[in-house]
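How does the following fold in three dimensions:
(one chain, ligands or ions: 1)
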Amino acid sequence: MRLQGIEIRTIRMPLVAPFRTSFGVETVRETLLVRAVTDAAEGWGECGASEEPLYSSEYTHGAAEVLRRHLVPALSGVELRDAHALAPALGRFKGHRLAKSALETAVLDADLRGRGVPLSHALGATRSRVACGVSVGITDTIPALLDAVAGYLDAGYVRIKLKIEPGWDLEPVRAVRERFGDIDLQVDANASYRPADARHLARLDAFDLTLLEQPLAADDLLGHARLARAVETPICLDESILSAHHAAAAIELGSCSIVNIKPGRVGGYLEARRIHDVCSAHDVPVWCGGMLETGIGRAANLALAALPGCTMPGDTSASDRYFSTDLTEPFRLEDGHLAVPTGPGIGVVPLPEVLEEVTVEREWIPVAAA
Ligand code: NPG
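Alright, predicted model coming up:
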């Protein structure tokens, strides 16, 4: 494969409703799309970065800068047999996994399209559709939360994840459990608690939650291991798991019994697949997380969510949960499931007129031949 160049587009798309978490409120999705142009085909990748570095240290403009200044130039003169060649070529640059993931995914998509292979096949997926959950943000009032949850259950989502933070935990969880009974219910704290909150968090045990996601700081594997012994609710890690190496350490330490895999957070779908494999080898269930992706990122996430070890519904919701007009043909929920794209590569492309409308910046970076 001969990579000719990379286009970076900054896009801005309003969300259908503000999405509030313990780390902030997002009302507009501002992120990057990366387009890889090769001699065989073009491919697309979406960056998980947001406007501000609140979920991770990366942010949209920073990701664009590291791509244009370091990551894309580092591919000049490199022999790219396939997308597996990217991680070694970029390995000397520390971190910046969201940016690396967008670049690797664009090249992976181009390569697979050129060879006519769907991403789901390349990753080893075994399902043609995946069961979908939805992540429900923090609301101003409990009645507003109940309305939001009722709407998602009516739409068919098979599990509900509530965002929690200190001061917004026991009461909203109790209200949702009492109103909706025996639904598949889980909570996500986005690292907003401290180890000293263990006794408080143990009070969530009364609500029979499927899991408690990332209660403590991302770098506190030991704290999570202690907490896992103090609460009955299974601990799931998200922000703590940046690689297969972290997953193996977290499992051995007993820091979690479930893992949320976000391909962006871990540097791409190839590392995501390795995390899936490490977890499967230890009988640790995984599920595919979400970062408010457009149809481009969603399509690729669905391929991952179709792997055999993704035994729990993930945050792969339908297009209308995020955007009134998606960047691709919309993903529609059917009977609580989304279909895994079947075309080559990620299986979708941006709709040209929507892409032009949402693009606020674009630049082309040529890549020299090996
Ligand atoms: O459905 O894509 C979705 C949202 C799932 O809750 C979700 N994502 O903390 O995991 C998270 C959160 C997130 C959103 C993280 C945006 C980073 C950016």
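
How about the residues of the stretch 1-150 of the chain by the ligand?
Neighbours of the ligand within the stretch 1-150 of the chain, by C-beta under 6 Å from any ligand atom: 21, 50, 55, 135. Where C-beta positions appear, they are placed from N, C-alpha and C, glycine not excepted.

Let's see that with 5 Å instead.
By C-beta under 5 Å from any ligand atom, the residues of the stretch 1-150 of the chain that approach the ligand are 55, 135.

burial measure for Leu3, as a count.
The burial metric for Leu3, expressed as a neighbour count using other C-beta atoms under 10 Å, is 27.

now the one 3 residues further on
By the criterion of other C-beta under 10 Å, Ile6 has 25 neighbours.

going forward can the numbers begin at 35, since that is how I track them
Okay, using 35 as the starting number, the last item reads as Ile40.

Contact partners for Ile276?
Not Ile; residue 276 is Leu. Contact partners of Leu276, counting by C-beta atoms under 8 Å, 6 or more residues apart in numbering, are 131, 299-301.

mind running it again at 6 Å?
Neighbour list for Leu276: Val300 [criterion: C-beta atoms under 6 Å, 6 or more residues apart in numbering].

Look at it and report its pLDDT.
Reported pLDDT at Leu276 in the predicted model: 98.

ok, now the one 5 residues further on?
We have a pLDDT of 98 for Ala281.

That one: what secondary structure?
The three-state label given to Ala281 by DSSP: H, G, I helix; E, B strand; the rest coil is helix.

Can you verify my assumption that it contacts Asp272?
No: Ala281 lies out of contact with Asp272 (C-beta atoms under 6 Å); the separation is 11.5 Å.

So which bits of stretch 198-208 are buried?
198-199, 202-203, 206-207 (16 or more other C-beta atoms under 10 Å).

again with stretch 381-391
Buried residues in stretch 381-391, counted by 16+ other C-beta under 10 Å: 381-385, 388-389.

what residues does that stretch touch?
With C-beta under 6 Å, 6+ apart as the test, stretch 381-391 has contacts from 152, 329, 333, 359, 361-362, 375.

can I get those in CSV with neighbour count, secondary structure and pLDDT?
Conversion of the contacts of stretch 381-391 to CSV gives the following (neighbours: other C-beta atoms under 10 Å; DSSP: H, G, I helix; E, B strand; the rest coil; pLDDT from 0 to 100):
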residue, neighbour count, secondary structure, pLDDT
Pro152, 19, strand, 98
Gly329, 25, helix, 98
Ala333, 28, helix, 98
Thr359, 14, coil, 98
Leu361, 27, coil, 98
Thr362, 22, coil, 98
Pro375, 23, coil, 98
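
Let me know the closest of those residues to the ligand.
Relative to the ligand, the closest of these is Gly329; by C-beta to the nearest ligand atom it sits at 12.2 Å.

how much space between the residue nearest to that closest one when sequence neighbours are not counted and His280?
By the measure of C-beta to C-beta, 6 or more residues apart in numbering, the closest residue to Gly329 outside its immediate chain neighbours is Thr362, 2.9 Å from it. Distance from Thr362 to His280, counting by C-beta to C-beta, to the nearest Å: 31 Å.

Which residue does the stretch 135-284 of the chain have closest to the ligand?
At 3.4 Å from the ligand, Ser169 is the closest residue in the stretch 135-284 of the chain, using C-beta to the nearest ligand atom.

I'd like the average pLDDT over whichever strand or helix holds that residue.
Element membership for Ser169, per DSSP states H and E: strand 167-170. For strand 167-170, mean pLDDT rounds to 98.

Let's see that strand as CSV, backbone CA atoms only.
Extracted C-alpha coordinates of strand 167-170, given in CSV (Å, rounded to 0.1, in the frame of the first residue of the first chain):
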residue,chain,number,x,y,z
GLY,A,167,-27.2,0.2,25.4
VAL,A,168,-27.4,3.9,26.0
SER,A,169,-25.5,6.3,28.2
VAL,A,170,-27.7,8.8,30.0
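
buried set for the helix or strand just after it?
On the C-terminal side of strand 167-170, the closest following helix or strand by DSSP H and E is helix 176-189. By 16+ other C-beta under 10 Å, the buried positions in helix 176-189 come out as 179-180, 182-183, 186-187.

can you give me the strands for this protein?
With DSSP state E as the criterion, the chain has strands at 37-55, 58-72, 76-80, 163-165, 167-170, 193-197, 219-222, 246-247, 269-271, 292-295, 320-322, 371-373, 393-400.

Tell me which strands the fifth one pairs with, and in which orientation.
By that I understand strand 167-170. Here strand 167-170 has these sheet partners by DSSP bridges: strand 193-197 (parallel).

Ok, the longest one next?
Within its sheet, and counting by DSSP bridges, strand 37-55 is paired with strand 58-72 (antiparallel), strand 393-400 (antiparallel).
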